[in-house]
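J.: Below is the structure, and that's it, no one-letter string:
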């Protein structure tokens, strides 16, 4: 799980966009870990959200992920 979390963070930090869909993140992680299953990646992403490293961003019709503090991922106060 720790390897997957690191791969997700690498993808999020090196991504050209500050927000990304799960499918994009999944493809990025599977480049490093081709045997990683969707469910394992989802669990690792959820763990990062619970730790406060990643955040959800709702577009209204779908949910995107973002690295906390990168780009316009925070709600203005």
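T.: In hand now; what should we look at? The structure presented is a predicted model; accordingly, all values stated were derived computationally and were not measured.
J.: so who does the residue nearest in space to the middle of the chain touch?
T.: Centroid-nearest residue in the chain: residue 65, 4.9 Å away (criterion: Cα atoms, centre = their mean). Residues near residue 65 by Cβ atoms under 8 Å, 6 or more residues apart in numbering: 12, 19-22, 25, 45, 49, 54-57. Any C-beta I mention is one placed from the backbone N, CA and C, and that applies to glycine too.
J.: buried subset of those?
T.: Among the contacts of residue 65, the ones that count as buried by 16 or more other Cβ atoms under 10 Å are 12, 19-20, 25, 45, 54-55, 57.
J.: Quick check: helices, which of these are part of them?
T.: Here DSSP state H is the test, and the buried ones among the contacts of residue 65 give 12, 25, 45 as lying in helices.
J.: Kindly state the pLDDT recorded for the nearest residue to residue 53 once chain neighbours are set aside?
T.: Distances taken as Cβ to Cβ, 6 or more residues apart in numbering put residue 68 closest to residue 53, at 6.1 Å, once the chain neighbours are dropped. The score at residue 68 is 83. That number is its pLDDT.
J.: separation between residue 68 and residue 5?
T.: 14 Å (Cβ to Cβ, to the nearest Å).
J.: now residue 64
T.: Residue 64 is 18 Å from residue 5, by Cβ to Cβ.
J.: Next, the contact list for the residue nearest to residue 53, please.
T.: 52-55, 74.
J.: in stretch 13-20, what's buried?
T.: Residues of stretch 13-20 classed as buried by neighbour count (16+ other Cβ under 10 Å): 15, 19-20.
J.: Pick the one among these closest to residue 36.
T.: Among the buried residues of stretch 13-20, residue 20 lies closest to residue 36 (Cβ to Cβ), at 16.6 Å.
J.: rewinding a little: looking at the ones in helices among the buried ones among the contacts of residue 65, which is nearest residue 1?
T.: Closest to residue 1, out of all of these and judged by Cβ to Cβ, is residue 45, at 10.8 Å.
J.: That closest one and residue 22 touch, don't they?
T.: Yes - here residue 45 reaches residue 22: they are 7.2 Å apart, a contact under Cβ atoms under 8 Å.
J.: Which residue, other than its chain neighbours, is closest to residue 11?
T.: In space, and not counting its chain neighbours, residue 11 is closest to residue 28: 3.7 Å by Cβ to Cβ, 6+ apart.
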